[in-house]
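> next comes the sequence, and after it the predicted model I'd like to discuss.
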Protein chains: 2
Amino acid sequence: MKNALLAGLIFTASTMAQAFEPLPATPPTPANNPITAAKIELGKQLFFDPRLSQDGTISCNSCHNVMAGGTDNRSVSVGVAGAKGGRSAPTVWNAAFLSTQFWDGRAATLEDQAKGPILAGVEMAMPSPEAAVKRIKDIPGYVQSFKAVFGGSDPVTYDNIAKAIATYERTLITPNSPFDRYMRGDKSAMSAAAVRGMKTVESLGCTSCHNGPNFSGPEMPMGTGFFQKFPTFPSKYDAKYKFSADEGRYEATKNPADKHMWRVPTWRNIALTAPYFHNGSVMTLDEAVRVMAKTQLNKSPSKKQVKDIVAFLNTLTGEFPVQTMPQLPDYTNATMVKAD
Amino acid sequence: MKNALLAGLIFTASTMAQAFEPLPATPPTPANNPITAAKIELGKQLFFDPRLSQDGTISCNSCHNVMAGGTDNRSVSVGVAGAKGGRSAPTVWNAAFLSTQFWDGRAATLEDQAKGPILAGVEMAMPSPEAAVKRIKDIPGYVQSFKAVFGGSDPVTYDNIAKAIATYERTLITPNSPFDRYMRGDKSAMSAAAVRGMKTVESLGCTSCHNGPNFSGPEMPMGTGFFQKFPTFPSKYDAKYKFSADEGRYEATKNPADKHMWRVPTWRNIALTAPYFHNGSVMTLDEAVRVMAKTQLNKSPSKKQVKDIVAFLNTLTGEFPVQTMPQLPDYTNATMVKAD
């Protein structure tokens, strides 16, 4: 952890000059999970399949809705039987560019992340990895696809379910935002207000953390993580929005140094991912800007500055590639979800 | 109502000879809601948009999952906050060929049907049509599309929301099932068992109700409805599956003649739409066949006959056309779903 923090600080210092970078076309990919077309398609089916939840109602897409900016636009998501967790669903779009996953960075990769919600009691609530694997094994079309994609005598494993989902997620990239087009030389892509906003986030100091191609910190080895304390400066906002009720990364690591440490989240498509912060307590982007300026930089930007920053953040909405809907493999003549 | 029943009986008698018909390429469409490409696209967005539910978690597709046979494969669906209704979600695929909608036929058209679940407390739970209209009006991309599709000074109305959704639903047709190919002359499309099953459903009498292109009764003027009493013959199944706890069409009309009357449901894609019956109480298709033979025809088919019938019913799984995912219009910089 100390190393990760230190690395974070060093990276921050060394990348100040390149706070603004366009989004690369391809994301980092683990050597043991290469991207293939068949694996993407399988992962897409799994991502949209509610049979991976205990009562057959919740898929990955329920909370990370790829048709709607990659989130559910709720403070906290609703899982099986109306259950609610304590943290807001982060967008799945461009998550492939994060060097660590979950708000507290407790998963090193998209593969690790995908294994969490399926088993979480307040999310998809499957009782065990084995139960999830059994659901998939009982569907002949899946068995066939897993064989084709992964090979071997027993290809339907929890690891491979996660690998397929992660592979699909690595295709969820939103290129060509107005900002990206501006960075590539199309100066008409951003309004004067947005350009002022871009300068303001730099001069205020926002980009000391929100830098790199995904505005979530510098590119780092997968699993390294780029964390910051939130809130850093005391303010009225902490009481109002109960930010400190959740101890952040500490809740995963139990290391006192991790208290209230959080992974720096992306700014990409932020206009579409309200409400904001780990507990989804802030309903609007302008308020989120005021909160961050105060709690992290001890600054109080003017109304005009906030407006300019929001204009800039709106230029980070990218193009969502057209996707076909997956047709989920058949389970015929019976339901695999018990009556309740 | 008497007329509808009478019409049903007359149609049944007159269409006995044409129990088996392939699925037409286009469904009946009301004169006041012509199909256009832009209206289909708008309707698809609305169909997939959870912002039409009170807490932003449930879309039409949540329970009528077009990627999974058009249902949720649950006994009864789960609506907002874990709420459950009393009837199983019917498939949306080929619903355009039904002359009346809902299990009890209380909606004459897909347009009428679409207005129900948005307001139902146990489904999408919007407090009023006005509240649903406001959600849509607050999303600039929708306002633009409604203008383009419907014209006029105030095109975002509850009626037009329903018209757009119904138009999308009229595209949800599954042609070229093995049965359809067999009917068009490809005798290799059905197995010997399936052909035996096809003869058996006719000889047992199943097709006196399950006839017509959708196996849901003869083609009739929209809104006419084709109803039958269920259960008709007493059996152990009624107690076991509590079929009579729900009084069917009577609950909508309060006409004593409608007690335990139900719209005849489709057989198309039935292999994919378990569990079965209005209360989703029967988990497997073979049991559903036994139940229907006994309760409606007072017959007890042999194991082999049941197997053959299931083989035949499996030939009614059609081709699901490839669809692109809709990208939901943006509501930027804030959420429209309140914190809870």
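Yep, it's here.
> so what's whichever residue of chain A sits closest to chain B up against?
As assessed by C-beta to the nearest C-beta, chain B sits closest to residue A:82 within chain A, at 2.8 Å. In short, each C-beta sits where N, CA and C put it, glycine included. Residue A:82 makes contact with B:78, B:81, B:82, B:83, according to C-beta atoms under 8 Å, 6 or more residues apart in numbering or on different chains.
> how near is it to residue B:54?
Distance of residue A:82 to residue B:54, computed by C-beta to C-beta, to the nearest Å: 13 Å.
> helices along chain A, start to end?
When secondary structure is read from DSSP state H, chain A shows helices at A:2-15, A:37-47, A:60-63, A:110-119, A:129-137, A:140-150, A:158-169, A:178-183, A:192-204, A:236-241, A:250-253, A:285-297, A:303-314.
> residues in contact with the fourth one?
By that I understand helix A:110-119. Under C-beta under 8 Å, 6+ apart, the answer for helix A:110-119 is A:30, A:33, A:52-53, A:60, A:63, A:95-96, A:101-102, A:107, A:123-129, A:132, A:158-159, A:161-163, A:165-166, A:169-170.
> apply 6 Å and report the result again.
With C-beta atoms under 6 Å, 6 or more residues apart in numbering or on different chains as the test, helix A:110-119 has contacts from A:52, A:101, A:107, A:123, A:124, A:126, A:132, A:162, A:163, A:165, A:166, A:169.
> save those as TSV, and put in pLDDT too.
Listed next are these as TSV, based on pLDDT from 0 to 100:
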residue	pLDDT
A:52	98
A:101	97
A:107	97
A:123	97
A:124	97
A:126	97
A:132	98
A:162	98
A:163	98
A:165	98
A:166	98
A:169	98
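> out of the helices of chain A, which comes closest to residue B:150?
helix A:303-314 (28.6 Å; C-beta to C-beta).
> could you pull up the mean pLDDT of the closest one?
The average pLDDT for helix A:303-314 rounds to 98.
> elements contacting that helix?
helix A:192-204, helix A:285-297 (3 or more C-beta pairs under 6 Å, 6 or more residues apart in numbering or on different chains; DSSP states H and E).
> got the angle between the first one and helix A:303-314?
The directions of helix A:192-204 and helix A:303-314 differ by 100 degrees, with axes from the mean of the first three to the mean of the last three C-alpha atoms, to 10 degrees as the criterion.
> quick one: helix A:192-204 to chain centroid distance?
For helix A:192-204, the separation from the chain centroid amounts to 25 Å (computed by C-alpha atoms, centre = their mean, to the nearest Å).
> touching chain B at all, it?
No. If you take C-beta under 6 Å from any C-beta of the partner chain as the test, helix A:192-204 misses chain B, and the best it gets is 12.9 Å.
> now that helix against helix A:285-297, angle please.
20 degrees.
> packing partners of helix A:192-204?
Using 3+ C-beta pairs under 6 Å, 6+ apart, helix A:192-204 is in contact with helix A:303-314.
> change it to 8 Å
helix A:178-183, helix A:303-314 (3 or more C-beta pairs under 8 Å, 6 or more residues apart in numbering or on different chains; DSSP states H and E).
> list the helices and strands the first one packs on?
Using 3+ C-beta pairs under 8 Å, 6+ apart as the contact definition, the elements that helix A:178-183 packs against are helix A:192-204.
> list the buried ones in the helix it packs on?
Of the residues in helix A:192-204, A:193, A:194, A:195, A:196, A:197, A:198, A:200, A:201, A:202, A:204 count as buried by neighbour count, 16 or more other C-beta atoms under 10 Å in any protein chain shown.
> so what's the fifth one up against?
Contact analysis of residue A:197 by C-beta under 8 Å, 6+ apart lists A:305, A:307, A:308, A:309, A:310, A:311, A:312, A:313.
> does the fourth one really touch residue A:199, like I thought?
Spelled out, it's residue A:309. No. Counting by C-beta atoms under 8 Å, residue A:309 does not reach residue A:199; the two are 9.9 Å apart.
> could you check how far residue A:256 is from residue B:102?
Counting by C-beta to C-beta, the gap from residue A:256 to residue B:102 is 59 Å.
> of these two, which one has the most company?
residue B:102 (19 against 8; other C-beta atoms under 10 Å in any protein chain shown).
> dump the residue contacts of that one.
Counted by C-beta under 8 Å, 6+ apart, residue B:102 has contacts B:90, B:113, B:116, B:252, B:263.
> before we move on, back to that, weakest of the helices of chain A by average pLDDT?
Note on the helices of chain A: helix A:2-15 shows the lowest mean pLDDT, a mean of 42.
> may I have stretch A:302-316 as PDB, with CA atoms only?
This file holds the C-alpha atoms of stretch A:302-316, laid out as PDB (Å, rounded to 0.1, in the frame of the first residue of the first chain):
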ATOM      1  CA  SER A 302     -16.900  31.300  -8.400                       C
ATOM      2  CA  LYS A 303     -20.200  30.500 -10.000                       C
ATOM      3  CA  LYS A 304     -18.800  31.300 -13.300                       C
ATOM      4  CA  GLN A 305     -15.800  29.000 -12.700                       C
ATOM      5  CA  VAL A 306     -18.100  26.200 -11.700                       C
ATOM      6  CA  LYS A 307     -20.200  26.800 -14.800                       C
ATOM      7  CA  ASP A 308     -17.100  26.700 -17.000                       C
ATOM      8  CA  ILE A 309     -15.900  23.500 -15.300                       C
ATOM      9  CA  VAL A 310     -19.200  21.800 -15.900                       C
ATOM     10  CA  ALA A 311     -19.000  22.900 -19.600                       C
ATOM     11  CA  PHE A 312     -15.600  21.300 -19.800                       C
ATOM     12  CA  LEU A 313     -16.700  18.100 -18.100                       C
ATOM     13  CA  ASN A 314     -19.500  17.900 -20.600                       C
ATOM     14  CA  THR A 315     -17.000  17.700 -23.400                       C
ATOM     15  CA  LEU A 316     -15.800  14.400 -21.900                       C
END
